[in-house]
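A.B. asks: quick one, what's the 3D model for this:
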Amino acid sequence: MKTNEEIREQIRSDYANIATSSTVTRDQLTGESQSSGSCCCAGACGVTESIDSSDLAEQIGYSKEELESLPMDANMGLSCGNPTVIAALKEGETILDLGSGGGFDIFLAGPKVGKSGRAIGIDMTHEMIAKARKNIGHYRETTGLDNVEFRLGEIEHLPVPDNSVDVIISNCVLNLSIDKQQVWNEIARVLKPGGRVAVSDIALLKPLPIEVKEIVESWAGCVAGAIPVETMRSQMEFAGFDGITFTPKPHYVEALTAANDPLYTKVTELLPDGESASDVITSLDILARKPGGSCCGPDCCS
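C.D. replies: Numbers count the residues shown, from 1 in each chain. The predicted structure follows:
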């Protein structure tokens with residue numbers, strides 16, 4: 001059994017490899033290519049040669065227009081939902097993306113918060129930060145905006161001041177953390193009073209067999225680190241959040257299972273007879289709010 005630090009380094013290594021090895025083309029991003037394949041290597045959330053990254057993104061809520069607007073290789077097939085949609089972003093807001101990768105959701109969020117807003121991505125992998133920063137030039141040219149930035153850091157220790165962020169998003173990343181309670185505590189720390197959370201992540205509907213947790217790649221694949229839905233609710237409540245809502249989204253797991261993704265094939269083989277991966281694992285839209293602030297309309301008070 002690997003130690004927590006060994007798991008953390010394995011995840012970091014897997015995502016570094018994705019950042020440096022991906023060869024996604026514009027045709028793949030816009031869905032015009034007939035070839036399958038996500039970006040480079042299996043073992044990370046959504047990354048599989050069994051399904052095209054743009055096809056997967058459209059199945060979990062991104063429009064073709066959004067995908068076409070992105071820098072060349074920002075979509076690496078690492079998403080399990082569309083947090084920028086559920087966040088209902090507004091002009092002038094400061095948004096923070098936990099585990100921003102190549103900048104996929106940040107580059108979509110930037111135009112929504114506009115010239116007076118700020119979109120900040122945090123990632124623990126040097127290679128992902130380098131890729132995202134390289135893509136800023138394309139973003140500036142196509143939007144005319146200079147409102148995005150990327151910072152190296154861990155989601156358990158965010159390089160962001162207290163009470164400084166309006167919205168926190170994250171896309172299939174919180175499950176990778178070894179200390180999820182610390183992540184929720186950090187989210188609460190950096191959000192302004194009244195600030196909100198809009199996260200897409202992987203969670204469990206039933207306990208995973210221990211054999212699944214022992215598959216090394218299932219950590220980076222966003223499976224072994226997933227926790228039960230009600231455990232997540234307890235962690236969020238402990239951190240002080242209210243207005244917590246969970247919306248299961250089975251499309252992600254169903255899409256990967258139907259595409260014979262190697263990891264989900266292994267998971268299914270280890271489940272009791274008659275159970276499918278989507279009976280146990282789900283993509284989840286997570287909404288919550290930090291108490292306080294002056295907002296009191298129907299859109300911001302629970």
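A.B. asks: any idea of the mean pLDDT in the longest strand belonging to the chain?
C.D. replies: Using DSSP state E to define each element, the chain has its longest strand at strand 191-204. Across strand 191-204, pLDDT averages out at 96.
A.B. asks: what do you get for stretch 292-302?
C.D. replies: 54.
A.B. asks: ok, stretch 101-113 next?
C.D. replies: Rounded mean pLDDT across stretch 101-113 is 93.
A.B. asks: just stretch 122-133 next, same as before
C.D. replies: 93.
A.B. asks: counting by contacts, list what the longest strand of the chain packs against.
C.D. replies: The helices and strands touching strand 191-204, judged by 3 or more C-beta pairs under 8 Å, 6 or more residues apart in numbering; DSSP states H and E, are helix 83-86, strand 165-171, helix 229-239, strand 281-289. (Glycine included, C-beta is placed from N, CA and C.)
A.B. asks: go through the second one and flag the buried ones.
C.D. replies: Put plainly, it is strand 165-171. If you call a residue buried by 16 or more other C-beta atoms under 10 Å, then strand 165-171 has these buried ones: Val165, Asp166, Val167, Ile168, Ile169, Ser170, Asn171.
A.B. asks: off-centre distance for it?
C.D. replies: From the chain centre to the centre of strand 165-171 is a distance of 11 Å (C-alpha atoms, centre = their mean, to the nearest Å).
A.B. asks: could you dump it to PDB, C-alpha only?
C.D. replies: Extracted in PDB, the C-alpha atoms of strand 165-171 (Å, rounded to 0.1, in the frame of the first residue of the first chain):
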ATOM      1  CA  VAL A 165     -12.400  35.600  -3.900                       C
ATOM      2  CA  ASP A 166     -16.100  35.800  -5.000                       C
ATOM      3  CA  VAL A 167     -16.300  32.300  -6.600                       C
ATOM      4  CA  ILE A 168     -14.400  29.100  -6.400                       C
ATOM      5  CA  ILE A 169     -14.700  26.500  -9.100                       C
ATOM      6  CA  SER A 170     -12.900  23.200  -9.600                       C
ATOM      7  CA  ASN A 171     -13.300  20.400 -12.100                       C
END
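A.B. asks: what helices and strands are in contact with that strand?
C.D. replies: Using 3+ C-beta pairs under 8 Å, 6+ apart: strand 165-171 touches helix 83-86, strand 94-98, helix 104-113, helix 180-190, strand 191-204.
A.B. asks: give the buried residues for the fourth one.
C.D. replies: Translated: helix 180-190. Neighbour-count burial for helix 180-190 [16+ other C-beta under 10 Å]: Lys180, Gln182, Val183, Trp184, Glu186, Ile187, Ala188, Arg189, Val190.
A.B. asks: check the offset of stretch 89-109 from the chain's centre.
C.D. replies: 11 Å.
A.B. asks: who touches Thr125 in this structure?
C.D. replies: Arg12, Tyr15, Ala16, Ala19 (C-beta atoms under 8 Å, 6 or more residues apart in numbering).
A.B. asks: grab the nearest non-local neighbour of the second one.
C.D. replies: Just to be clear, that refers to Tyr15. Thr125 (4.9 Å; C-beta to C-beta, 6 or more residues apart in numbering).
A.B. asks: repeat that for the last one.
C.D. replies: In space, and not counting its chain neighbours, Ala19 is closest to Glu127: 3.7 Å by C-beta to C-beta, 6+ apart.
A.B. asks: ok but that neighbour is inside a helix, no?
C.D. replies: Yes: assigned with DSSP: H, G, I helix; E, B strand; the rest coil, Glu127 falls within a helix.
A.B. asks: hmm, back to that, mind checking which of the helices and strands packed on strand 191-204 is nearest Gly121?
C.D. replies: Among those, the nearest to Gly121 by C-beta to C-beta is strand 165-171 (9.8 Å).
A.B. asks: could you spell out the sheet neighbours of that closest one, each with its direction?
C.D. replies: strand 94-98 (parallel), strand 191-204 (parallel) (DSSP bridges).
A.B. asks: how about residues contacting the shortest one?
C.D. replies: The contact list for strand 94-98, computed with C-beta under 8 Å, 6+ apart, reads 83, 87, 89, 105-106, 109, 113, 117-122, 155, 158, 160, 164-171, 173-174, 183, 187, 190, 199.
A.B. asks: between the buried residues of helix 180-190, which is closest to Ser278?
C.D. replies: Lys180 (22.3 Å).
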